[in-house]
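Student: generate a structure from the sequence data that follows.
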Amino acid sequence: MSDLHAGEKGLIDERVRGFPPGHPPLPLEAVGMQGWKPYDSRMALPLISLDRQAFAGNVELMMAYVKSHGVEIAPHAKTPMSTALADALLAAGAWGTTVADIRQAAVMLKAGQRRLILANEIGGVAAARRLAALVGHYPDAELHVFVDSTALVEALRSAWQERENLPPLGLLVEFGAGRAGLRSVEAAAAILDAILAAETPAFRLTGIAAYEGAAATADPEETGLHIDALMAMTSGFLPKVRARIGNERPLLVTSGGSVFFDIVVARLSAVVAADPACRLVLRSGAIFFHDHGIYERGLAGLDARGGLQIGGKTVSAAAGFRPALRLWAEVLSRPEPGLAIAGMGLRDVAMDQGLPRPLALYRNGVRLAGLDSAEVFRLNDQHAFIALAEGSDVSVGDVIEFGISHPCTCLDRHAILYGLDPDHSVTAAYLTSFG
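Tutor: Just a heads-up that it's a prediction; the model follows:
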């Protein structure tokens with residue numbers, strides 16, 4: 001446990017959001033045994049919580065979906081950066097874990113995970129050497145890394161030649177739209193040539209990758225066209241790879257790191273199924289947490305495209321997945337009629353994909369009515385500005401439960417994610433590792 005997150009002897013204390021001031025330090029595993037609730041006056045606010053029942057339901061639904069379609073999933077760990085939650089997803093049937101950079105790979109490897117997709121370009125020669133230095137400590141690791149340049153292929157080849165006894169490194173030729181990744185089959189063919197020319201038993205092509213989320217725009221029709229074009233390049237390249245390497249080598253095709261995983265499955269399943277030595281691996285991670293914003297809108301869009309197809313039945317994604325994350329904050333001031341200021345700001349919650357949404361009001365440990373039309377309209381460092389309906393009785397000291405938008409840029413502000421049971425009691429605490 002990092003000293004950034006814990007006090008003396010690895011104990012959690014007041015340096016972590018939510019921990020009650022003056023309470024004796026506790027081991028992480030003891031936090032869920034105290035009977036705390038975010039609105040019971042003991043916990044320091046603001047804090048972030050995970051609805052454990054909603055999370056478990058989201059896991060069950062997503063795993064049922066991938067199993068129904070005969071595909072795998074390596075959930076992206078960048079959303080919570082919690083090794084405990086990554087382990088829980090593996091236990092639920094995930095094929096592996098996805099990370100975004102070398103540091104995240106180090107966190108997961110140190111925690112005991114051994115099958116990783118590094119779903120990003122890592123840099124050049126220096127980054128390749130850092131990656132080699134890391135995995136040299138984990139000879140049983142299985143690592144697959146995105147590549148979209150001959151420069152990175154050469155940097156990785158050189159790094160793997162400089163050291164002995166490194167675990168095998170798998171290279172995934174990356175197609176892209178809107179972010180990194182190759183923009184044409186011709187460009188990908190040049191990368192394929194470079195990889196095959198440099199191959200050794202410990203340095204090999206292991207598949208094809210893409211990320212469709214960056215292709216999204218505000219126009220659903222335009223988004224669909226962009227993703228279709230990306231998937232067409234990806235699927236069209238697989239037979240070309242097979243023609244070069246033969247039919248025996250196992251290959252991965254990986255995409256689906258967003259709320260558009262249904263399009264990925266629809267566009268790539270046939271070409272992957274036609275290749276007996278190939279598997280399709282999705283990478284969606286934030287879907288397990290859902291939200292009251294960008295994912296709420298994204299799942300409505302998924303339903304508009306036909307919903308989740310599971311076992312021959314159509315399931316509503318919007319109804320099936322449940323938002324699992326909440327922010328809790330106290331009302332600090334009522335300086336004007338129609339205005340409340342809560343103790344939660346940019347240091348606590350994301351706003352890149354929408355402002356937090358007031359969901360419920362608590363006073364003296366009891367849930368009250370009266371927040372139906374409340375709306376956050378501005379955040380600064382430590383404060384949320386909330387517009388209230390005329391005559392609202394929201395008072396200083398009340399606790400407001402907020403929904404969030406975009407888990408990936410909210411969780412990284414918190415060292416501890418408090419797991420809540422249906423009665424809102426804290427029954428678990430998950431350490432995050434954002435660095």
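
Student: mean confidence for the helix or strand hosting residue 262?
Tutor: For residue 262, the host element (DSSP states H and E) is helix 261-273. For helix 261-273, mean pLDDT is 97.

Student: which secondary structure elements does it contact?
Tutor: Contacts defined by 3 or more Cβ pairs under 8 Å, 6 or more residues apart in numbering; DSSP states H and E place helix 261-273 against helix 220-245, strand 251-255, strand 278-282. The C-beta positions use only the backbone N, C-alpha and C, and glycine is treated the same way.

Student: for the nearest residue to residue 414 once chain neighbours are set aside, helix, strand, or coil?
Tutor: Spatial nearest neighbour of residue 414, excluding adjacent residues (Cβ to Cβ, 6 or more residues apart in numbering): residue 48 at 4.7 Å. Of the three states, residue 48 takes strand under DSSP: H, G, I helix; E, B strand; the rest coil.

Student: also residue 328?
Tutor: Residue 328 is classified as strand under three-state DSSP.

Student: my guess is it meets residue 47, correct?
Tutor: Yes. Using Cβ atoms under 8 Å, residue 328 is in contact with residue 47, at 5.5 Å.

Student: mind checking which helix or strand the spatially closest residue to residue 82 that is not a sequence neighbour is in?
Tutor: The shortest distance from residue 82 to any non-neighbouring residue, by Cβ to Cβ, 6+ apart, is to residue 430 (4.5 Å). Assigned by DSSP H and E, residue 430 belongs to strand 426-431.

Student: quick one: residues contacting the residue in the chain sticking out farthest from the centre.
Tutor: Residue farthest from the centre of the chain, counting by Cα atoms, centre = their mean, is residue 391 at 40.3 Å. By Cβ atoms under 8 Å, 6 or more residues apart in numbering, residue 391 lies in contact with nothing.

Student: follow-up on the earlier one: does the residue nearest to residue 82 have beta-bridge partners, and which?
Tutor: residue 417 (DSSP bridges).

Student: if I read this right, it contacts residue 419, doesn't it?
Tutor: Yes. Counting by Cβ under 8 Å, residue 430 touches residue 419, with 6.4 Å between them.

Student: find residues that contact each of those two.
Tutor: residue 50.

Student: per-residue pLDDT, the residue nearest to residue 101 when sequence neighbours are not counted?
Tutor: Distances taken as Cβ to Cβ, 6+ apart put residue 120 closest to residue 101, at 6.1 Å, once the chain neighbours are dropped. Predicted confidence (pLDDT) for residue 120: 96.

Student: name the element residue 120 belongs to?
Tutor: Assigned by DSSP H and E, residue 120 falls within no helix or strand.

Student: tell me which stretches of the protein form helices.
Tutor: Per DSSP state H, the chain carries helices over the ranges 52-68, 83-91, 102-110, 125-135, 150-162, 185-198, 220-245, 261-273, 294-304, 317-320.
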